[in-house]
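[1] Quick one, fold the following:
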Amino acid sequence: MHASDEKRISRRSFIKGSAIGAAGVFAGSMLSPGAKAQQADPRIPQKWDYEADVVVLGLGGAGASAAIEAHDSGASVLVLEKQAEATHFSNTRMSGGVFHNPDPAGDRKALVEYVKAMMCGKNIPWKLEGEQPHVSDAMAEMYAEGVMEVADFLLAQAPDLDRKGMAPGGKASFPMFPGFEEAKYGRTVFCGYKDLAKADPNLPLYERPRLTKGSGEAFHWALVEEGIKTKRPGIKILYETPAKSLVQRPNGEVIGVIATKDGREVAVKAKKAVVLATGGFEYSVPMRRAFLEGPGVKGWCYYGALANTGDGILMGIVAGAALSKVAKSASRIEPAFPYGEPWEKLGLKIGTMSAATSVPHSVIVDNFGERYADEHIITDSTRPYRYQFYKEAVKYDMLNMVYSRVPSWLIFDETLRAERPVVNMNISTVGYGFLPWSRDNMDAINRGWILRADSLEELAQKIQADPENRQLMDADRLAETVRRFNSYCALGKDEQFNRTPSTMGPVEKPPFYAMKMYPGGPNTKGGLDANADRSVLDWNGNPIPRLFAAGEIASVFKFTYQAGGNLTECIVCGRQAGRNAAKLAPWG
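    Numbers count the residues shown, from 1 in each chain. Predicted structure coming up:
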């Protein structure tokens, strides 16, 4: 396939091409040669290659938490992980490592209401309907209890984590939500080991000694390396073993998994339950096309795990699971580039975290050359909107019949180029080596990922020549936009969008630069419908027996969320799924 071509995947390949077709559920290939059809249920393998009470699919934060809790509840646990151990980079590991730790002095009822507003919003007077009203009451109760234990749970796995960085306090993100003051939900807190300040900044996070690890690397290390491998060696992990389908009885009961290991199918018996913790669909072409708003394949980007291809969502669909708010995404706008296997095989750019969307000497414009928002909203943790900013980026221009903000363009000058990297060098896809980048940004410029010109008019011409601009850029309009912004910088007030003055600085020193920005972020949030027990639900709202889900495959945050919500729910919902899976009586 040519790098610029888009993968064409039919509805049939949506299921079959992902090796999760209905035929896999019946596991007919697992029958022994002498078995007769009338003597055995074709849905059930005649020979199991592995077995455990609880089988967990995926080893990110949610899968690790589920495995730990199931083990501590007395169950035998087997984890199937798609990636190789040496290059096991989950969304959790590649993240910023922030989470929530409310003040224990807060009011419990207020906490439930505040959490419910984030998850669903059905208790917000101005909201017409809740995002998941059928499960949100019980879910908010469950989460309000579990979130109070997250920090202690992490410290129980890794006592050398820095307790000060986890201390509760500060203000939460949504002062307009019920329970804001009384709940004392607090700011987002950080996960890092106690000697993080002594870390060698020239070493990638994943190569640093344990006590100097921080961010998602510390979160991963605490749960997987210490919590499982050191403290619970009885939990067996099979790396490079992607699950392909669920094994079900005729009544829908899930009793096992068909996976691939060393080039052959293996049958894995789950005597009590299966927990799906396989993440979202960030790198699935057919799911992005089906579920994301606007140009879902070419016009979005994600900066987490490249292995997240919606496998568990597909398995759930085949097993009869309902879907819930699948288009929801923890997203803003971020840069992305045509590089590596996702681009070569799927035509998907690799996203990364911008470090320059709201810093001096930069503005963001649409394809016509106009600013359309206060850029500081994208990164300002004191305002609640940033992880909903993608809604601005995918706004449809009805009169021109175009998504005029896909892509958007970060316009900046030589002052910013020379001052700092315009992407985050420590975490995400750059920090973990999936994208090359130099601190002076010159490697990206030389690759053509960042356009450079001696004048704004010349820069506009180069943008217009880019196929993704569709010849929409107006040189005069871009020049006027930058002139007006520079005048606001001199005035000390953004009279157009009221951008925070401290983030403003003129775009005036040539050469000038342009970098494409797309709707996107760390992960998708929509997927399988699940209740407070984390049981996966069918389209009638009934639990599919012995099937649970946790993490972004079935995020609880279907309305909005405060930064760090994903890692928080990994532990809260992962533990809930593992605990309830372990409670079940074995089927055989």
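
[2] Now do the contacts for residue 415.
    Residue 415 is in contact with 360, 361, 505, 508, 509, counting by Cβ atoms under 8 Å, 6 or more residues apart in numbering. In this view, the C-beta of every residue, glycine as well, is placed from N, C-alpha and C.

[3] I'd guessed the fourth one sits against residue 412; true?
    Read it as residue 508. No. Contact criterion Cβ atoms under 8 Å: residue 508 and residue 412 do not qualify, at 10.7 Å.

[4] list residues touching both of the two?
    residue 361.

[5] Compare these two (neighbour count), which wins?
    residue 412 (26 against 16; other Cβ atoms under 10 Å).

[6] Can you classify that one as helix, strand or coil?
    Three-state assignment for residue 412 (DSSP: H, G, I helix; E, B strand; the rest coil): strand.

[7] State the pLDDT value of it.
    pLDDT for residue 412: 98.

[8] How about it, nearest residue that isn't a chain neighbour?
    residue 362 (4.0 Å; Cβ to Cβ, 6 or more residues apart in numbering).

[9] Now do the phi/psi pair for the one you found.
    phi -150, psi 150 (degrees, to the nearest 10).

[10] go on, residue 544?
    According to degrees, to the nearest 10, the main-chain angles of residue 544 amount to phi -80, psi 120.

[11] Number of residues surrounding it?
    Applying other Cβ under 10 Å, we find 24 residues neighbouring residue 544.

[12] need the contact list for it.
    252, 254, 319, 320, 321, 535, 536, 537, 538.

[13] isn't residue 297 right up against residue 284?
    No. With contact defined as Cβ under 8 Å, residue 297 does not reach residue 284; the gap is 9.8 Å.

[14] For the most centrally placed residue in the chain, give its distance to residue 83.
    What sits nearest the mean C-alpha location of the chain, by Cα atoms, centre = their mean, is residue 523, with 2.1 Å. With distances taken as Cβ to Cβ, to the nearest Å, residue 523 is found 16 Å from residue 83.

[15] ditto for residue 179
    Applying Cβ to Cβ to residue 179 and residue 83 gives a distance of 39 Å.

[16] Quick check: which element contains residue 429?
    Using DSSP states H and E, residue 429 sits in helix 428-431.

[17] what does residue 416 give?
    Using DSSP H and E, residue 416 maps to helix 414-419.

[18] pull the CA atoms of that helix into PDB?
    The C-alpha trace of helix 414-419 is given here as PDB (Å, rounded to 0.1, in the frame of the first residue of the first chain):
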ATOM      1  CA  GLU A 414      12.300  31.500  15.500                       C
ATOM      2  CA  THR A 415      12.300  32.700  19.100                       C
ATOM      3  CA  LEU A 416      10.200  29.700  20.100                       C
ATOM      4  CA  ARG A 417      11.900  27.300  17.800                       C
ATOM      5  CA  ALA A 418      15.300  28.000  19.400                       C
ATOM      6  CA  GLU A 419      14.000  28.200  22.900                       C
END
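
[19] so where do the helices sit in the stretch 451-588 of the chain?
    456-465, 475-491, 565-583 (DSSP state H, counting those that start in this stretch).

[20] quick one, which of those helices is nearest to residue 398?
    helix 475-491 (19.7 Å; Cβ to Cβ).

[21] quick one: residue 54 is in a helix?
    No. Residue 54 is assigned strand when assessed by three-state DSSP, not a helix.

[22] these two touch, right, it and residue 272?
    Yes. Between residue 54 and residue 272 there is a contact under Cβ under 8 Å: 5.4 Å.

[23] so what sits against both of those two?
    What both residue 54 and residue 272 touch, as defined by Cβ under 8 Å, 6+ apart, is the set 75, 581, 582.

[24] For residue 113, state which of these is nearest.
    For residue 113, the nearest member of the shared contacts of residue 54 and residue 272 is residue 581. The distance, counting by Cβ to Cβ, is 29.1 Å.

[25] got the contact list for that closest one?
    53, 54, 66, 70, 75, 272, 273, 274, 275, 546, 548.

[26] from the residues you listed, which ones fall inside strands?
    53, 54, 272, 273, 274, 275, 546, 548 (DSSP state E).

[27] Touching, the first one and residue 271? I think so.
    Yes. Taking contact to mean Cβ under 8 Å, the distance of 5.0 Å between residue 53 and residue 271 places them in contact.

[28] Give me the common contacts of these two.
    Common contact partners of residue 53 and residue 271 (Cβ under 8 Å, 6+ apart): residue 586.

[29] ok, residue 179 and residue 83, which is more surrounded?
    Higher neighbour count among residue 179 and residue 83: residue 179, with 24 against 18, using other Cβ under 10 Å.

[30] Can you check the pLDDT for the more buried one?
    Predicted confidence (pLDDT) for residue 179: 97.

[31] Ramachandran angles for it?
    Here residue 179 shows phi and psi, under degrees, to the nearest 10, equal to phi 80, psi 0.

[32] ok, back up a step: among residue 54 and residue 272, which residue is more densely surrounded?
    Ranked by neighbour count (other Cβ under 10 Å), residue 54 and residue 272 place residue 54 first, with 30 against 22.

[33] partners of the more buried one in the sheet?
    Following DSSP bridges, residue 54 is listed with bridge partners residue 77, residue 273.

[34] Check the gap between residue 353 and residue 101 for me.
    For residue 353 relative to residue 101 (Cβ to Cβ), the value is 23 Å.

[35] scratch that, residue 295 is what I was asking about
    38 Å.

[36] Looking at those two, which one has more neighbours?
    A count of neighbours by other Cβ under 10 Å puts residue 101 above the other of residue 295 and residue 101, at 25 against 18.

[37] Relative to residue 312, how far out is the more buried one?
    Distance, residue 101 to residue 312, by Cβ to Cβ: 28 Å.

[38] quick one: residue 216 is in a helix?
    Yes. The assignment for residue 216 (three-state DSSP) places it in a helix.

[39] How about the contacts made by it?
    Residue 216 neighbours (Cβ under 8 Å, 6+ apart): 91, 92, 93, 94, 95, 96, 97, 191, 205, 427, 567.

[40] Report pLDDT for it.
    98.

[41] Excluding chain neighbours, what is closest to it?
    Using Cβ to Cβ, 6+ apart, the nearest residue to residue 216 is residue 95, at 3.6 Å.

[42] one step back: now flag whichever of the contacts of residue 581 is closest to residue 417.
    Out of the contacts of residue 581, the member with the shortest distance to residue 417 (by Cβ to Cβ) is residue 66, at 44.7 Å.

[43] Now do the contacts for the spatially closest residue to the closest one that is not a sequence neighbour.
    Leaving aside its chain neighbours, residue 66 sits nearest to residue 578 (3.6 Å; criterion: Cβ to Cβ, 6+ apart). By Cβ under 8 Å, 6+ apart, the contact list for residue 578 reads 54, 56, 65, 66, 67, 68, 69, 70, 71, 73, 77, 275.

[44] Thanks again, I'm all set now.
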